[in-house]
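1. give me a model of this one.
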Amino acid sequence: MSLPGPDWSAAEIIAHLRSIGTEANRAGMARFGINTATALGVGNSDLRPLARKLRKNHERALLLWESNIREARLLAAFTADARKLTPDQCRRWSGDFDSWEIVDGVADLFAETPFWRELVAVFAADEREFVRRTAFAMLAWAAVHLKKEPDATFISYLSLIETHADDERNFVRKAVNWALRQIGKRSTSLHVPALALSRKLAASADKSARWIGKDAVKELTDARTLERLAARKA
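-> Sure, this is the predicted structure:
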């Protein structure tokens, strides 16, 4: 087989993944709470460089996703073209989510679509744990990477964070916390309302909301966070 490259088919990629996967890697993934039911045992340290060699190919990415193999689905997320995704495709993919790792890999892709805000609303309203996590993983990624998005967009999402702060499911509450912290660190203008919400949640009678709030307060009041915000403002 030739070296990995843009001309590789989905079948060739999967065959390559099968050849380099190990049981030791699968065991390591399981220790991090990753669903290994369809995993071949290829770590992200191999998948990311492979994705760069394969480059973007949306049609191939769709085929990789349909394989139902953990590594192939991550490569689908890394090599799909956000400009070619449709809302229906995103919703179909979300119905397949079965691991926090897949969610977080795909959330980055979804947040690059022009309709990402529509997806956040749909996914946050969904009762499925991994689908709801997607909404907040998208917000966390968007707060860091969508530099041209106005701060007002993220202020508007603080109410959504408050609404779902009482979701006690582990993978949801961690993503809600993640989104709150990233929004609060985006700019000085967002830091103030995000910290105010964090303190409100920290005083909540609800256990999940209280954990989310306390953890966010800790990071948003950390000296290093404040220094970075001050430097950014200057």
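
2. any low-confidence regions in the protein?
-> Confidence mapping of the chain against pLDDT under 70 gives the ranges 1, 234.

3. host element of the residue most central in space within it?
-> Residue closest to the average C-alpha location in the chain (C-alpha atoms, centre = their mean): residue 104, at 2.7 Å. Element membership of residue 104 [criterion: DSSP states H and E] is helix 100-110.

4. how does the protein divide into domains?
-> 1-81, 83-234 (automatic domain parsing).

5. measure stretch 37-45 end to end?
-> 20 Å (C-alpha to C-alpha, to the nearest Å).

6. that older thread, so which of the domains of the chain is the most packed in?
-> domain 83-234 (a mean of 18; mean count of other C-beta atoms under 10 Å). In short, each C-beta sits where N, CA and C put it, glycine included.

7. what about residue 165, distance to residue 196?
-> Distance from residue 165 to residue 196, counting by C-beta to C-beta, to the nearest Å: 14 Å.

8. likewise for residue 116?
-> Distance from residue 116 to residue 196, counting by C-beta to C-beta: 25 Å.

9. same check on residue 103?
-> Residue 103 is 28 Å from residue 196, by C-beta to C-beta.

10. for residue 19, same thing?
-> For residue 19 relative to residue 196 (C-beta to C-beta), the value is 53 Å.

11. one more: residue 80?
-> 37 Å.

12. could you do residue 231 as well?
-> 22 Å.

13. how about the strands in this structure?
-> Here the chain has no strands by DSSP state E.
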